[in-house]
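Novice: Kindly return the folded structure for what I paste below:
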Amino acid sequence: MLRVSSLVFILGALCSYLPLFTGNTYFSMVSFAVGITISLFIWYVLAINRDGHYKELLKSGIFEEPGMERKGLLLKRRAVPYVIAYTFSFTALQLSSMGAMKILMENAYVLSENTDTARLMEILGKEYTIYSAIFLVSLLLTAFLFYKLIDIIYNDEVKMQLLLAEKRRIPPIVPGTISVWTVVLFTMVSYGIFSWYFRYRLMMVQVLYNRFREKVEELEGKTLEKRSIREKELVQAVENAERIREKYTSTLGKFPTGDERKEIIASLFRDLGNVSRKDAGDILNTLLEKTLLTESEYKKLIKLLF
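Specialist: Okay, the predicted model is just below:
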């Protein structure tokens, strides 16, 4: 899971809006270029995190469960190609607007002296028309891709969190999806400032949820490990009890009396001390039922063990 520092967000936002408050053309261009680069970089990181989360879910096999195939298909779309397309459209939008503005500034005096539309277009030339057409197309495409990025990166992230909450009881950080049009509207009204806040919030959601999920998985792993150890201990205990039962079923029948039998009884007592009280009682009951132990031997061992 990649993370972008909050300082990078602040730097990117400052560089994007500083040109509005400075008269130095060179500084404005450099600052604006840095702001755009950081902005696009943040989109790439968010998209990579989103696609990485989907790959983890795919690898876990959650989409192979009954009733999950359709949800898996809906989340299959990748965010990175949309960011790449957004990069080209946004760059074309900025360059075409700068080109058109440059032509307007160069012909500002002439334009102020003319009011005829046909004459104005003739003065501006074909280059301005091309820039304007590119600007209009890239503006519509950028707006569409911005909408898709929010839907894919944010809403899909929420859907994946809700999916894990349903299947693995990992609670989501956010309660539900967001209205994409609301984000677009606030971004337009705030002249893009809301977009910086929204992406920072989304980054925090991705990072915090990933940490939370890793912690839950770590605890689940420890629980499974303890359960596995316990199961192995139970299996070993059953095997030990069965081994003791078979061993003394064989040896006690061979020595009904004498010193050898006393040694076998002493060995039986030691071995029964290594198993649970329940298993020890079951073994003694089995040996008594098969008349391999006398009543007195049985009662003596019961008294010593319990």
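Novice: buried stuff in stretch 1-12?
Specialist: Within stretch 1-12, the residues scored as buried using 16 or more other C-beta atoms under 10 Å are 4, 8-9, 12. In short, each C-beta sits where N, CA and C put it, glycine included.
Novice: any idea which of those is closest to Asn49?
Specialist: Set against Asn49, the nearest of these by C-beta to C-beta is Val4 (9.9 Å).
Novice: I'd like to know how far Val224 sits from Ser276.
Specialist: Quick fix: residue 224 is Leu, not Val. Separation of Leu224 from Ser276 (C-beta to C-beta, to the nearest Å): 24 Å.
Novice: In terms of packing, which of these two has more residues around it?
Specialist: Ser276 (14 against 10; other C-beta atoms under 10 Å).
Novice: need the contact list for the more buried one.
Specialist: 237, 241 (C-beta atoms under 8 Å, 6 or more residues apart in numbering).
Novice: Next one, pLDDT for it please.
Specialist: Per-residue pLDDT puts Ser276 at 80.
Novice: domain ranges for the chain?
Specialist: Using automatic domain parsing, the domain parsing of the chain gives 6-178, 234-305.
Novice: could I get those as TSV with distance to Phe198?
Specialist: Below are the domains of the chain laid out as TSV (distance: least, C-beta to C-beta, whole Å):
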stretch	distance to Phe198
domain 6-178	8
domain 234-305	53
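Novice: Which one, of the ones you listed, ends up nearest to Val184?
Specialist: When those are compared by C-beta to C-beta, domain 6-178 sits nearest Val184, at 6.1 Å.
Novice: now that closest one, how far from the centre of its chain.
Specialist: Offset of domain 6-178 from its chain centre (C-alpha atoms, centre = their mean, to the nearest Å): 23 Å.
Novice: And that domain, end to end?
Specialist: Domain 6-178 has an end-to-end distance of 23 Å (criterion: C-alpha to C-alpha, to the nearest Å).
Novice: Show me where the stretch 1-150 of the chain dips below the pLDDT cut-off.
Specialist: The stretch 1-150 of the chain contains residues with pLDDT under 70 at 65-73, 107-124.
Novice: residue contacts, the spatially most central residue of the chain?
Specialist: Centroid check for the chain by C-alpha atoms, centre = their mean gives His53 as the closest residue, at 4.1 Å. Applying C-beta under 8 Å, 6+ apart to His53 gives the contacts 157, 160, 206, 210.
Novice: again with Leu11
Specialist: 34, 38.
Novice: Please determine how far it is located from Phe146.
Specialist: Applying C-beta to C-beta, the value for Leu11 to Phe146 is 21 Å.
Novice: Touching, Leu57 and Gln161? I think so.
Specialist: No: using C-beta atoms under 8 Å, Leu57 is not in contact with Gln161, being 10.3 Å away.
Novice: Could you check which of those two has the larger neighbour count?
Specialist: Shown here are Leu57 and Gln161; by other C-beta under 10 Å, Gln161 has more neighbours (23 against 19).
Novice: Could you pull out the helices in this protein for me?
Specialist: Remark: helices assigned in the chain by DSSP state H are 6-17, 25-60, 69-74, 80-106, 108-112, 117-149, 156-168, 180-189, 193-254, 259-272, 277-289, 295-305.
Novice: And the fourth one, what does it pack against?
Specialist: Applying 3 or more C-beta pairs under 8 Å, 6 or more residues apart in numbering; DSSP states H and E, one finds that helix 80-106 makes contact with helix 25-60, helix 117-149.
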